[in-house]
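Trainee: here is my input; please provide its structure:
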Amino acid sequence: MITYIRFRLQRSLRRAQRNVRRYWHLGNRYLRFGFWGKWRQLTMIRRFALGWWFVVLALGIGLFLQTGSIRQRGLVVQPLPGGSYSEAIVGTVKNLNPVLPEGGASADANHLIFSGLTRFTAEGKLEPDIAESWDISADGKVYTFHLRKNIRFHDGVPATAQDVVFTLTAIQNPDTRSALAASWQGVKVSAPDDHTAVFTLPKAYTPFINATTVGLLPRHLLENTEPRDLRVAGFNQKPVGTGPYKLTSFDVAAGEINLAANNDYHFSKPLISIITLRLYSDYDKALDAYKHRQVLGVGRLQPDQIDEATKLGTLKLHRASVPNAVAVFFKTTSPVLADKAVRLGLAQATDRAAIVKDQFNNEASTLTGPLFATGLNLAGSAHQPAFNIQQARSTLEFAGWKPGRGGIRVKDGKQLKIRLLTQADSPYGPVARALAKQWKKAGAELQVIEVGPEKLQQSYIRPRNYDALLYGINLGADPDIYAYWSSTQTKDPGLNISVYSSRQADTALESGRILRDPALRAAKYRSFIQTWVGDTPAVMLYTPSYEYGVDTSVYGVSVRKLINPSDRFTGIENWSVKVREVPRR
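Mentor: Numbering: from 1, shown residues only. Predicted structure coming up:
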């Protein structure tokens, strides 16, 4: 009996062990070939399914993008009023007065505050501004402007033709010392009624119309100010004009000009409510201000900043041509530079191509004459000699300038040393130092002095206190360069900073500015260029392109061909920083 019971127990134990092993095997089999196991076995099916999921996802993304594209095609951006725009500008501003220009920074502010009879568009075309139209007499001597009837100064006083008369009188008065006087020499103005201004010229002067862009001064605020006191008048810190924006604050020390939209602007109320111009001492600081989101625009970018600005991704670059010319202006009455041979030798020692390449990454064009982009056929005109250091040495040697100590040439006990002035914190400094190296090879020592823009104007340019001046000039919309080279303009406020005097050049300039026939004008200017090149009162260097950076959040900006950099603000009443999308009609 006991033996039987033991047998049954052993048999049951073996059966239990077999069942455990069986269920264990089945468990393993389920784990291997169950849901996940089956998935592993269906590798091909899995790949096939994933492929289809990828196709479905790609189709979904494509459909989304296509729908967005169709939606965009059916929508347009509509500008909305409001918001603010700020811009970084390099330079200083002490006074705001259109008849007393200080430089590019003040011109920018003046363009927003004041408006003239005419204005240049951002495409370089002249169009009516305060005047709605004008007539020119058959002999080209009488210009009659018809003013709009809805013009008001920022203080609400109507602007009339009497304000036009007052502005011209202020410019012409020698006590005002306006640099614009040359363009208005001998012009008489009258106001037959409040909306008609008549200019009578002593003789026909084709470029005259371009001078009428000067901003209008309010007679009712300045008529009791003596012309000699206009430069220091309180008006210059609290100006009142007829432009698209009116001044709200002007902090000279902080370098900030705040403007508010002029609700009564004669074209239309500006969309942007507030404009702020922030002034900086150099271009790097101006770009840094944008990178730190302190401004939405940079008034001008230098060639070496273009790559950096492009990489930001949010700054849209606008490139425009400008009729600016940068040159070394020789003071022809200076003891050393009175020698024409010295001026010629230095011109021959100037490698313009190297300057444009090394200093501007070829983002500029070389110049070899006093006129360019005039619209006249000046083919065959004379030009300054190409770079030839051996010829430069020969020219100086033949003129009696012999090598001396340190390689500096000497003649009659005088060393060939030249004191060159230029503006600090500008592109001119590196150019001046490059010139010093180039001219040193010819035997001339160039002492480069860099000073701030205000000091440069007041202490050096106005009293002609230099041997040579590296500076830029704007040739304007017309080839009339009388103000820069006529012997009548050698003293302040004239702009003949080379103190150049030539009877032949004067005759050609005076004839060229009064002729209306393009072929005859071109002939006179070719004659002037021939005389000018022979006398070498300056070494023309290059003309830069204008690079303007504006944040992509600003709409309506378009510049192509600027006569003056400040013309980029023409039409600013249509700029906007607030927009919405609406269906296309």
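
Trainee: how close does the residue lying closest to Pro128 once chain neighbours are set aside get to Gln162?
Mentor: Among residues not flanking Pro128 along the chain, Thr118 sits closest, at 6.1 Å (CB to CB, 6 or more residues apart in numbering). Every residue, glycine included, has its C-beta placed from N, CA and C. Look at Thr118 and Gln162: by CB to CB, to the nearest Å, they are 19 Å apart.

Trainee: can you pick out the residue with more neighbours from those two?
Mentor: Each of Thr118 and Gln162 has its neighbours counted (other CB atoms under 10 Å); Thr118 has more, 19 against 15.

Trainee: next one: the more buried one from Gly472, what distance?
Mentor: Counting by CB to CB - Thr118 and Gly472 are separated by 24 Å.

Trainee: now do the strands in the stretch 401-550 of the chain.
Mentor: Using DSSP state E, counting those that start in this stretch, the strands found in the stretch 401-550 of the chain span residues 402-403, 409-411, 414-415, 417-423, 445-451, 468-474, 538-544, 546-551.

Trainee: what's in contact with the first one?
Mentor: For strand 402-403, the external contacting residues (CB atoms under 8 Å, 6 or more residues apart in numbering) are Arg409, Val410, Lys411, Gly443.

Trainee: most widely separated two among those?
Mentor: The most widely separated members of the contacts of strand 402-403, counting by CB to CB, are Lys411 and Gly443 (10.6 Å).

Trainee: joint contacts of those two?
Mentor: Common contacts of Lys411 and Gly443 (CB under 8 Å, 6+ apart): Trp401.

Trainee: between these two, tell me which one has more neighbours.
Mentor: Higher neighbour count among Lys411 and Gly443: Gly443, with 23 against 17, using other CB under 10 Å.

Trainee: check contacts around the more buried one.
Mentor: Counting by CB under 8 Å, 6+ apart, Gly443 has contacts Arg393, Leu396, Trp401, Pro403, Gly407, Ile408, Arg409, Leu416.

Trainee: state the distance from it to Val214.
Mentor: 46 Å.

Trainee: swap in Leu230?
Mentor: Leu230 sits 14 Å away from Val214, going by CB to CB.

Trainee: tally of neighbours for Ile257?
Mentor: For Ile257, using other CB under 10 Å, the count is 26.

Trainee: that one: helix or strand, and which one exactly?
Mentor: For Ile257, the host element (DSSP states H and E) is strand 256-261.

Trainee: let me see the backbone angles for the residue nearest to Val342 when sequence neighbours are not counted.
Mentor: Counting by CB to CB, 6+ apart, Val336 is the residue found nearest to Val342 once chain neighbours are left out, at 6.1 Å. Main-chain dihedrals, Val336, degrees, to the nearest 10: phi -80, psi -40.

Trainee: isn't Val336 up against Leu420?
Mentor: No - taking contacts as CB atoms under 8 Å, Val336 lies outside contact range of Leu420: 11.7 Å.

Trainee: got any residues that touch both of those two?
Mentor: Jointly contacting Val336 and Leu420 under the rule CB under 8 Å, 6+ apart are Asp467.

Trainee: and the helices in the stretch 351-500 of the chain?
Mentor: Along the stretch 351-500 of the chain, counting by DSSP state H, counting those that start in this stretch, helices occupy 352-360, 389-398, 428-440, 453-455, 482-485.

Trainee: quick one: buried residues of the shortest one?
Mentor: When you say that, I think you mean helix 453-455. Residues of helix 453-455 classed as buried: Pro453 (neighbour count, 16 or more other CB atoms under 10 Å).

Trainee: and the contacts of that helix?
Mentor: Residues outside helix 453-455 that contact it (CB under 8 Å, 6+ apart): Gly91, Thr92, Lys94, Glu102, Gly103, Gln423, Ala424.

Trainee: as JSON lines, those residues with secondary structure, neighbour count and pLDDT would be great.
Mentor: JSON lines is the format used below for the contacts of helix 453-455 (DSSP: H, G, I helix; E, B strand; the rest coil; neighbours: other CB atoms under 10 Å; pLDDT from 0 to 100):
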{"residue": "Gly91", "secondary structure": "coil", "neighbour count": "25", "pLDDT": "88"}
{"residue": "Thr92", "secondary structure": "coil", "neighbour count": "18", "pLDDT": "88"}
{"residue": "Lys94", "secondary structure": "coil", "neighbour count": "16", "pLDDT": "91"}
{"residue": "Glu102", "secondary structure": "coil", "neighbour count": "22", "pLDDT": "84"}
{"residue": "Gly103", "secondary structure": "coil", "neighbour count": "17", "pLDDT": "82"}
{"residue": "Gln423", "secondary structure": "strand", "neighbour count": "24", "pLDDT": "92"}
{"residue": "Ala424", "secondary structure": "coil", "neighbour count": "15", "pLDDT": "90"}
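
Trainee: nearest to Gly234, of the residues you listed?
Mentor: Checking these against Gly234 by CB to CB gives Lys94 as the nearest, at 12.9 Å.
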